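Novice: Predicted model, plus sequence, below.
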Amino acid sequence: MRLLTRSAGRLSRHRRKPLAGLAVLFIALLLTGGAYSLIAPGAQAEQTGTTSDDIEAGRQLFLVSCSTCHGTNGEGIPTVREGSQYGPALTDVGAASVDFQVGTGRMPLVQPGQQAVRKPPVFDEEETRQLAAFVDSLGTGPEIPDESAYTLPDDLTEAEREAAITRGGQIFLTNCTACHNFDGSGGAMPRGGYAPTLRGVDSRYIYEALLTGPQQMPSFSDGNLTPESKQDVIAYLKQTEKTPGYGGSGLGNLGPVSEGLFAWLVGIGGLVGFAIWIAAHTTRSTKAKASTNTTPVRLPNGAAGTTESGAGA
């Protein structure tokens, strides 16, 4: 008991010394710095294969093309109206979001609007990768997926591949058809928006859209939708692109809306036009008969006369 009391006394005396406090503070800072280095953007950049040169090059591109709306450090720029921004903050969107938005040409915006539309990209693959590296260094977020993340394994049997496509179709029909149509052809959305077509879209961009949830689309994190399920959905969409239209023209594959519109405009409209043509043709024939010339022909005295129509005078 006496030994414990002496040890406690020594510790108490050491704690009261100024150097002991500085030593504790130094150790705490060292541990904090070491922990941060494990999750810092620089460490994340090394894991994704980017370098400090890529980040710096991306920063220069960002300052020229993106900072007007998103701020010099991706913090976003608010407008005068409360709750509105010229551009949202990018501190935690991740590289995958940048790769999707810039790679599909949606960013930079030509002008503000209800929805960013797809257009030819402004930046090439290298510049897009550098922009993604810079934005990724601002915080945390999903990385650009590897090809193995959005394609089915090559060693699957035909039965396993068909099962994966079936699972993907069930997931898509349950969660996505309300906006993108059963065939992935897109559709109208409230407030002037629309769900874009998924036909012909690169598998990487579909995976990134599922992961990040651009614009009005909800995000499907790996906790909500596993990477394997995302693979199945993409496999289903790619299979629908290969399926021929056995019923003839699909009319945009928009379902009964386009089919009903076609029936009204072409079917009933054609019948109405044909009826108008018949009525107009009948009217012209009647007028032609009624306007036949019956002026009598002058003949010598005592001769039987006839009209131009051939009837006896």
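Specialist: Nice, I can see it.

Novice: measure residue 95 to residue 114 for me?
Specialist: According to C-beta to C-beta, to the nearest Å, residue 95 stands 26 Å off from residue 114. Yep, even glycine has a C-beta here, placed from its N, CA and C like the rest.

Novice: Between these two, which has more neighbouring residues?
Specialist: Per other C-beta atoms under 10 Å, whichever of residue 95 and residue 114 has more neighbours is residue 95, with 28 against 12.

Novice: Would you agree that one is in contact with residue 143?
Specialist: Yes. Residue 95 is in contact with residue 143 according to C-beta atoms under 8 Å; the separation is 5.4 Å.

Novice: what residue ranges in the stretch 201-313 of the chain are flagged as low confidence?
Specialist: 245-259, 283-313 (pLDDT under 70).

Novice: Okay, strands next: where are they in it?
Specialist: In the stretch 201-313 of the chain, no strands are defined using DSSP state E, counting those that start in this stretch.

Novice: Helices of that one, residue ranges please.
Specialist: Along the stretch 201-313 of the chain, the stretches classed as helices by DSSP state H, counting those that start in this stretch are 203-212, 227-242, 256-262, 269-290.

Novice: what would those helices look like in TSV with distance to residue 179?
Specialist: Shown next, in TSV, are the helices of the stretch 201-313 of the chain (distance: least, C-beta to C-beta, whole Å):
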stretch	distance to residue 179
helix 203-212	12
helix 227-242	14
helix 256-262	14
helix 269-290	30
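
Novice: could I get those helices as CSV with mean neighbour count and distance to residue 158?
Specialist: As requested, those are exported to CSV (neighbours: other C-beta atoms under 10 Å; distance: least, C-beta to C-beta, whole Å):
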stretch, mean neighbour count, distance to residue 158
helix 203-212, 23, 20
helix 227-242, 19, 13
helix 256-262, 12, 34
helix 269-290, 10, 46
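
Novice: Show me the one of the ones you listed that comes nearest residue 81.
Specialist: Proximity to residue 81 (C-beta to C-beta) singles out helix 203-212 among the helices of the stretch 201-313 of the chain, at 25.9 Å.

Novice: Just want the angle from the closest one to helix 227-242.
Specialist: Comparing the axes of helix 203-212 and helix 227-242 via axes from the mean of the first three to the mean of the last three C-alpha atoms, to 10 degrees yields an angle of 130 degrees.

Novice: who does helix 203-212 touch, helix- and strand-wise?
Specialist: helix 94-103, helix 147-150, helix 227-242 (3 or more C-beta pairs under 8 Å, 6 or more residues apart in numbering; DSSP states H and E).

Novice: Put the alpha carbons of it into CSV.
Specialist: Extracted in CSV, the C-alpha atoms of helix 203-212 (Å, rounded to 0.1, in the frame of the first residue of the first chain):
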residue,chain,number,x,y,z
SER,A,203,-21.9,0.9,-68.1
ARG,A,204,-19.5,3.0,-65.9
TYR,A,205,-21.8,6.0,-66.0
ILE,A,206,-24.8,3.9,-65.1
TYR,A,207,-22.9,2.5,-62.1
GLU,A,208,-21.8,6.0,-61.0
ALA,A,209,-25.3,7.3,-61.3
LEU,A,210,-26.6,4.6,-59.1
LEU,A,211,-23.8,5.3,-56.6
THR,A,212,-24.1,9.1,-56.5
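
Novice: Can you say which of the helices and strands packed on helix 203-212 is nearest to residue 265?
Specialist: helix 227-242 (26.9 Å).

Novice: So which residues make contact with that closest one?
Specialist: Residues from elsewhere that reach helix 227-242, judged by C-beta atoms under 8 Å, 6 or more residues apart in numbering: 149-152, 161, 164-169, 171-172, 176, 183-184, 198-200, 203, 206-207, 210-211, 220, 225.
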